[in-house]
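Peer 1: Sequence isn't available, so here's the structure alone:
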C-alpha cells in the first residue's frame, strides 16, 4: 500500500515538473496533480492495453515508435477526464508524454 502511495506521489511530482518544462500543459493545483496521477495510472492500466492491441501492426511497422503516439493519446485522455488539467494540442501531449516517461523513470529509480 505504501509503495502504491509513493508511486502516486512520484507520478504527481513528474506531472508538475512536466508542466514546468512544456508550454501548453497546465495544472491548476497540487491536488489536481494527484488526481491526474491517479487517472493517468488507471488509463494506462485499463485503456492503454486495448489501444496497444488494436495498433499492434502499426507498432510493428514503426518498430515501436507508434507507442509514443499512444502515450500522447493517453495523456490527452487524462487531461479530458481531470478538471484543472489542460493540454493545448496533441503536440504538447506527445512531448509531454515523452517527458513524463523520462521524469517518472528517473524519479522511480531514485526512490
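Peer 2: Yes, it's here. For clarity, every value in this text was computed on a predicted model and none was experimentally measured. Numbering: from 1, shown residues only.
Peer 1: Confirm residue 26 sits in a strand?
Peer 2: Yes - remark: residue 26 belongs to a strand, assigned using DSSP: H, G, I helix; E, B strand; the rest coil.
Peer 1: quick one: it from residue 83, how far?
Peer 2: Here residue 26 is placed at a distance of 12 Å from residue 83 (CB to CB, to the nearest Å). Yep, even glycine has a C-beta here, placed from its N, CA and C like the rest.
Peer 1: And those two? Which one has more around it.
Peer 2: residue 26 (14 against 11; other CB atoms under 10 Å).
Peer 1: Just give the nearest non-adjacent residue to that one, would you?
Peer 2: Closest residue to residue 26 apart from its sequence neighbours, by CB to CB, 6 or more residues apart in numbering: residue 86 at 4.5 Å.
Peer 1: Provide the contact partners of the host helix or strand of the one you found at residue level.
Peer 2: Here residue 86, judged by DSSP states H and E, is contained in strand 85-87. Strand 85-87 has contacts (CB atoms under 8 Å, 6 or more residues apart in numbering) with 15, 24-28, 32-33, 35-36, 75-76, 78-79, 93, 96.
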